[in-house]
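*Asks:* sequence isn't available, so here's the structure alone:
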């Protein structure tokens, strides 16, 4: 059989197209075209004094200092930030240890990079002045955001007082709305974190009934990233760690200036932020690494995680206690300690 021959014109066109394609690819790679350019890492955060520190990281140029492209994503409703991380809408999030347990149990791959802080009075229950003890909450209207750390804290406080959630008239509201409702006299008590906790006391003619200072170590807050981000963009995550702890150092050395800057960005008064910030202990890299050790008290991350998970299991929020060893990635904090030497 005689083979068919391609006309010379057709061969010339094919050759030109192949050459053009190769040239385009080379140009894209050389010039850093859209396909090869990395997207900024999206970090979510909500209204908590310690998490407001991301404003300081950004405004003082610590991201730029370490050469990492970050987009801070503000979530007025904290629960929305959890959903965004779990579904991959954001890459990292500032969140409570408690709120990381359920997605872990469901098989979502998350990594705890470092501990941002422990709550030492920054979370609590505000109540009207006629309520003098947690037991007095029986039959009262109490509001907070279901499924969050404040809900857990409320249940813990009730449990310690021999009460259950069914013993109070529970109302599901976002933390900020719960504070506003208490101030308006629509709630007898509310589970709040700072700065809403102190704002509710000052504006709502109430008092702090019980706070996280009464349960030291119970509430631990973390910077968490998705597993694929920790693996595929390890260098960028490391730079974010460095930027955060630069801001922690800057805050300690320039407190008044930093508090004013953060308050302006957060849209609250310097006085409110100052009171709120005092309810949280910001961790150093060494303290964070030390907490990532086995122990028999709330100073140990693993002990705290187990106790939080046991409580959630008793309430039926989870079926099994997840493996926390695969959740923690200490490589970042160890590298940060080496960098700072």
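*Replies:* That came through, no problem. It should be emphasised that the depicted structure is a prediction, and the values quoted were computed from it without experimental measurement.

*Asks:* and what about residue 248, helix, strand or coil?
*Replies:* State at residue 248, reduced to three classes by DSSP: H, G, I helix; E, B strand; the rest coil: helix.

*Asks:* can you give me the strands in the chain?
*Replies:* 41-45, 70-74, 92-96, 110-119, 123-128, 141-144, 169-172, 189-193, 206-211, 220-226, 280-282 (DSSP state E).

*Asks:* deepest-packed of these, please.
*Replies:* strand 189-193 (a mean of 30; mean count of other Cβ atoms under 10 Å). Quick note: C-beta positions are derived from backbone N, CA and C, even for glycine.

*Asks:* before we move on, the earlier item: which among the strands of the chain is found nearest to residue 64?
*Replies:* Closest to residue 64 of the strands of the chain is strand 70-74 (Cβ to Cβ; 9.5 Å).

*Asks:* note down every partner strand of that closest one and its orientation.
*Replies:* In the sheet, strand 70-74 lines up against strand 41-45 (parallel) (DSSP bridges).

*Asks:* quick one, the partner strand and strand 110-119 angle?
*Replies:* Strand 41-45 runs at 40 degrees relative to strand 110-119, counting by axes from the mean of the first three to the mean of the last three Cα atoms, to 10 degrees.

*Asks:* got a list of contacts for strand 41-45?
*Replies:* With Cβ atoms under 8 Å, 6 or more residues apart in numbering as the test, strand 41-45 has contacts from 51-52, 54, 68-75, 81, 84-85, 89-94, 229, 233, 236-237, 240.

*Asks:* pLDDT score assigned to the nearest residue to residue 69 once chain neighbours are set aside?
*Replies:* Using Cβ to Cβ, 6 or more residues apart in numbering and skipping the chain neighbours, the partner closest in space to residue 69 is residue 40 (4.1 Å). Per-residue pLDDT puts residue 40 at 98.

*Asks:* now distance to residue 269 too, for the strands of the chain, in a markdown table please.
*Replies:* Formatted as a markdown table, these follow (distance: least, Cβ to Cβ, whole Å):
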| stretch | distance to residue 269 |
| --- | --- |
| strand 41-45 | 20 |
| strand 70-74 | 19 |
| strand 92-96 | 22 |
| strand 110-119 | 21 |
| strand 123-128 | 18 |
| strand 141-144 | 23 |
| strand 169-172 | 27 |
| strand 189-193 | 17 |
| strand 206-211 | 19 |
| strand 220-226 | 23 |
| strand 280-282 | 18 |
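
*Asks:* please name whichever of those is nearest to residue 59.
*Replies:* strand 70-74 (10.4 Å).

*Asks:* ok, residues contacting that closest one?
*Replies:* Counting by Cβ under 8 Å, 6+ apart, 40-46, 54-55, 58, 63, 81, 84, 90, 240, 243 sit against strand 70-74.

*Asks:* go with 6 Å
*Replies:* 40, 41, 42, 43, 44, 54, 58, 63, 90 (Cβ atoms under 6 Å, 6 or more residues apart in numbering).

*Asks:* for the second one, list each beta-bridge partner.
*Replies:* The residues paired with residue 41 through beta bridges, assigned by DSSP bridges, are residue 70.

*Asks:* ok, residue 229 to residue 137 distance?
*Replies:* In this structure, residue 229 and residue 137 are 41 Å apart, going by Cβ to Cβ, to the nearest Å.

*Asks:* and residue 316, by the same measure?
*Replies:* 22 Å.

*Asks:* who's more crowded, the two?
*Replies:* Under the criterion of other Cβ atoms under 10 Å, the comparison of residue 316 against residue 137 puts residue 137 first, with 24 against 7.

*Asks:* out of the contacts of strand 70-74, who's nearest residue 264?
*Replies:* residue 58 (12.7 Å).

*Asks:* ok, now which ones touch the closest one?
*Replies:* Contacts of residue 58 by Cβ under 6 Å, 6+ apart are residue 72.

*Asks:* domain ranges for the chain?
*Replies:* 41-118+220-340, 123-214 (automatic domain parsing).

*Asks:* quick one: which of the contacts of strand 70-74 is nearest residue 189?
*Replies:* Among the contacts of strand 70-74, and counting by Cβ to Cβ, the member closest to residue 189 is residue 44, at 28.5 Å.

*Asks:* and for residue 205, the neighbour number?
*Replies:* 12.

*Asks:* ok, and the closest non-adjacent residue to it?
*Replies:* Leaving out its chain neighbours, residue 205 is closest to residue 129 (Cβ to Cβ, 6+ apart), at 6.8 Å.
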